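>>> how would this look folded up:
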Amino acid sequence: MEVFEITGYLTGISDAGVNHLQPSDSFQNILNGFINRQVLQSRQGIGFFAPRLAGNTRVFGIFEHILPDSTKELLAFDQNFLYKYNTGTGIFDQIPFAGSMAAYTGFNISAKDLYISGVSYPAAQFLSTGVANPAYTPLNQGARFIFCGDGITPNLASSAIFFYDGTDVKDFTNVGDNPNYAPPTMGALNKAQFVCWFNERLNFINPTIASIDYEQGILYSGIRTTSGNGDKFNISGSGLLQADIYETINGFTILGNYIILNFIRSNWVLEKTVDAFNPYFIRKVPSVLGTNAKFSSVAWSDQDRSLGRTGIISTDGRESLRIDNKIPRFTADEIDQIGFNLTYGGFDRINNQFLWAYKQYESDSDTQNRVLVGNYEEDSWSVFDQRFSVFGQTDLGLNLTWDDIDETSGNESWSTWDTTEEIWDRIGLGLSVQKTLAGDDFGFIYELNQDNDDYYSDISAIATGATTTLTVTATGILPGDLVTVSDVGGMTELNNFNPSTGEQIGNLYLVISSTLTSVEIKVDSTLFTPYTLGGHITKIISFYAETIPFNPYRTLGRRCYISHVDFLIDTNGGFLKVDVLADEEESPFKQNVLLRPTSTTRLREYVTMTVDNEASFHTFVLKQESPAVRMRLTSMRIYASPGGMLNG
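Got it, this is the predicted structure:
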């Protein structure tokens, strides 16, 4: 009998007599899990990074604003306002409009796919007269965050390009707000789809000038100097460069000395030159497809990756290649084509993952409800059932002492020591830790890769009846979610999860309806004991992974007999349920086989499942439904031998 092992880097066991299989090529259809360092694991939960944005609307952008002295600010945009994260209070403070925009009432972004583009850009230290500007302190040297977007409602001057000066939001194109500004010679700069700082210049991509859209164009300023040339678009060294093609620019990223421009059917590169008066050279990169989701472009590891309706493309400035050979029909079959432009890209530095929030095909949702995950190290793919509008990152956060920690610190579960499921020595330590952030339709901003549960909320009241309604702290739980309830006092019959052991002690509850502060679940509580106090509700993480059909003897024309399978599971990862299917039959011949480590002293333990079956091929389905327990599979050893002839 031979042994075939789907193994990780962490097994630490003998390789003698073992045929190794790569996990990235052994699993398919992974939901709420991923492969990292060859270990198959369920995803972690999410936690509130801060209390909800005051506007209570969709998040349209999360940005790190880097100041000239290398300090950082964290900014977030919703449908109407800009917010700055307050590192003292842990709350996003709303930034007022001022200057010529004092009467402006909000961005009023009308469509969910009209995201914000923004960039940090220092102003000149001096005005064009050579006189020092007292508003520009030596510390920040006139630090600004300039932003734009198709969805921003123009102000009375027909401008939709604004900036944040550290205190207020003002009009970038108004000389009263921005004294160094000078418009292009073609007319007033009305708006732009994207903005970046590159080659010591401001660059507006897809600008609208004098009400004319330049959808193949890049408007660039002069070189930033103490005379304010970086805000001028009518001097030598500034200009409008247009690609010689009919296609529209549908995204961009900065990749070293290049700007990668993603067009609908191709990719182009904007390169620096040594000529200050003609600073750019534009060229086309051979490409098999283009980009359809305008904010799907993500740069990492010398590659720009973006999504087209017919596939996922990667560009390094020299060539463009499809990278979705393992999921070749995904963007066409799994992403809603009408809402394709909702797709928003991000990167998780902790797990080396590209992230794309998208709307699932034929979904009832009107916004994103899935995340496509691509691990560039492992070349593996999976899907998370998370509902995010945008992604961002930061190393800012709360850095609290024990006396500072309470329910107002950004996580309601910190109210008392015994209500949180986070690791005690990590509570409140948020400063200088790299974090991946995500926003949603309700104004919540979450931190990914958390040990606590998804959408964790406290219960304060329960209304009994044929269905049961829970009054909760602000939550993103929605109808259709499966949830658990724990730690309810009095009405203990409602508890269906024990957080101290990670045990499911009852059926999962289906959410029938919900509001921001109430959740109705499908359970008849008419005869339950009266509620007294406490309790928590959380959405479960439903992990699923399916192997490719297994038969190492196909080339010999033989069927495969499997005796048993050993699973090396982390002992703190709870349990794993396994289905086994033969020859892709609809019903498994083994279903929900429970595998649970029993060791209390070892980090990992082998658990054996008997198969004793011969088939043309076998498929293994691995499952776990839990709100708080993380499954990690380090090794899967399949004991097999040749069976009868395939045609016999």
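
>>> Which parts of stretch 235-247 count as buried, going by neighbours?
Applying a neighbour-count criterion of 16 or more other C-beta atoms under 10 Å, one finds 237-241, 243, 247 buried in stretch 235-247. Bear in mind the C-beta positions are built from the backbone N, C-alpha and C, glycine included.

>>> between these, which is closest to G151?
G151 lies nearest to E247 out of the buried residues of stretch 235-247, by C-beta to C-beta, at 21.8 Å.

>>> Check what pLDDT the nearest residue to that closest one once chain neighbours are set aside gets.
In this structure, E247 finds its nearest non-sequential neighbour in F263, 4.2 Å apart by C-beta to C-beta, 6 or more residues apart in numbering. Looking at F263, its pLDDT is 95.

>>> next one: phi and psi at F263?
phi -100, psi 170 (degrees, to the nearest 10).

>>> In JSON lines, list the buried residues of stretch 235-247 along with secondary structure.
Output for the buried residues of stretch 235-247, formatted as JSON lines (DSSP: H, G, I helix; E, B strand; the rest coil):
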{"residue": "G237", "secondary structure": "coil"}
{"residue": "S238", "secondary structure": "coil"}
{"residue": "G239", "secondary structure": "strand"}
{"residue": "L240", "secondary structure": "strand"}
{"residue": "L241", "secondary structure": "strand"}
{"residue": "A243", "secondary structure": "coil"}
{"residue": "E247", "secondary structure": "coil"}
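
>>> for the residues you listed, which one is nearest E271?
L241 (11.2 Å).

>>> Mind listing the residues bridging to that closest one?
L241 has these beta-bridge partners by DSSP bridges: I218.

>>> rewinding a little: dump the buried residues of stretch 235-247 into TSV; add distance to F27 as well.
Shown next, in TSV, are those (distance: C-beta to C-beta, whole Å):
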residue	distance to F27
G237	53
S238	52
G239	51
L240	49
L241	46
A243	41
E247	37
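
>>> now, among those residues, which is nearest to L202?
Out of the buried residues of stretch 235-247, the member with the shortest distance to L202 (by C-beta to C-beta) is S238, at 9.2 Å.

>>> Please list all residues in contact with the closest one.
For S238, the contact set (C-beta atoms under 8 Å, 6 or more residues apart in numbering) comprises 184, 201, 220-222, 229, 232.

>>> how about a markdown table for the residues you listed, with distance to D566 added?
Shown next, in a markdown table, are those (distance: C-beta to C-beta, whole Å):
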| residue | distance to D566 |
| --- | --- |
| P184 | 68 |
| R201 | 60 |
| Y220 | 61 |
| S221 | 63 |
| G222 | 67 |
| N229 | 68 |
| K232 | 69 |
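
>>> most surrounded residue in these?
Highest neighbour count within those: S221, with 28 neighbours (other C-beta atoms under 10 Å).

>>> What residues are bridge-paired with the closest residue to that one other than its chain neighbours?
Once flanking residues are discounted, S221 sits nearest to L202: 4.4 Å by C-beta to C-beta, 6+ apart. L202 has the following beta-bridge partners by DSSP bridges: W197.

>>> Look at L202 and say how many residues are nearby.
Quick note: L202 (other C-beta under 10 Å) scores 25 neighbours.

>>> cool, and F4?
So F4, with other C-beta under 10 Å, has 20 neighbours.

>>> May I have the helix or strand containing T436 as CSV, with CA atoms only?
Here T436, judged by DSSP states H and E, is contained in strand 435-439. Extracted in CSV, the C-alpha atoms of strand 435-439 (Å, rounded to 0.1, in the frame of the first residue of the first chain):
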residue,chain,number,x,y,z
LYS,A,435,-3.8,45.7,9.9
THR,A,436,-6.0,44.9,6.9
LEU,A,437,-9.2,46.9,7.1
ALA,A,438,-12.5,46.7,5.2
GLY,A,439,-15.7,48.8,5.1
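
>>> Name the strands paired with that strand and say parallel or antiparallel.
Short version: by DSSP bridges, strand 435-439 pairs with strand 390-394 (antiparallel), strand 445-450 (antiparallel).

>>> any weak-confidence spans in the stretch 451-600 of the chain?
452 (pLDDT under 70).

>>> With the chain instead?
9-17, 125-141, 398-432, 452, 648.

>>> Domain-wise, how is it divided?
2-45+543-645, 96-242, 454-541 (automatic domain parsing).

>>> Need these in JSON lines (columns: distance to R387).
Formatted as JSON lines, those follow (distance: least, C-beta to C-beta, whole Å):
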{"stretch": "domain 2-45+543-645", "distance to R387": "13"}
{"stretch": "domain 96-242", "distance to R387": "12"}
{"stretch": "domain 454-541", "distance to R387": "7"}
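
>>> between the ones you listed, which one is nearest to Q368?
domain 96-242 (8.5 Å).

>>> Tell me how far the closest one lies from the chain's centre.
Using C-alpha atoms, centre = their mean, to the nearest Å, the mean C-alpha position of domain 96-242 is found 28 Å from that of the whole chain.

>>> ok, which stretches of the stretch 401-550 of the chain are strands?
Counting by DSSP state E, counting those that start in this stretch, one finds strands in the stretch 401-550 of the chain at the ranges 435-439, 445-450, 454-463, 468-472, 482-486, 497-498, 503-504, 509-514, 518-521, 536-539, 541-547.

>>> Now S100. Its backbone dihedrals?
The phi/psi pair for S100 (degrees, to the nearest 10) is phi -70, psi -10.

>>> Over to T331?
phi -70, psi -30.

>>> Equivalent analysis for the one 3 residues further on, please.
Listed backbone geometry of E334 is phi -110, psi -20, with angles given as degrees, to the nearest 10.

>>> what about it, how many residues close to it?
Neighbours of E334 using other C-beta under 10 Å come to 15.

>>> OK, contacts around it?
Contacts of E334 by C-beta under 8 Å, 6+ apart are 358, 360-361, 370, 372, 383.

>>> one step back: nearest to G61, of the domains of the chain?
domain 96-242 (3.6 Å).

>>> got the end-to-end distance for that closest one?
36 Å (C-alpha to C-alpha, to the nearest Å).

>>> same thing with stretch 525-537?
Stretch 525-537 end-to-end distance (C-alpha to C-alpha) = 16 Å.
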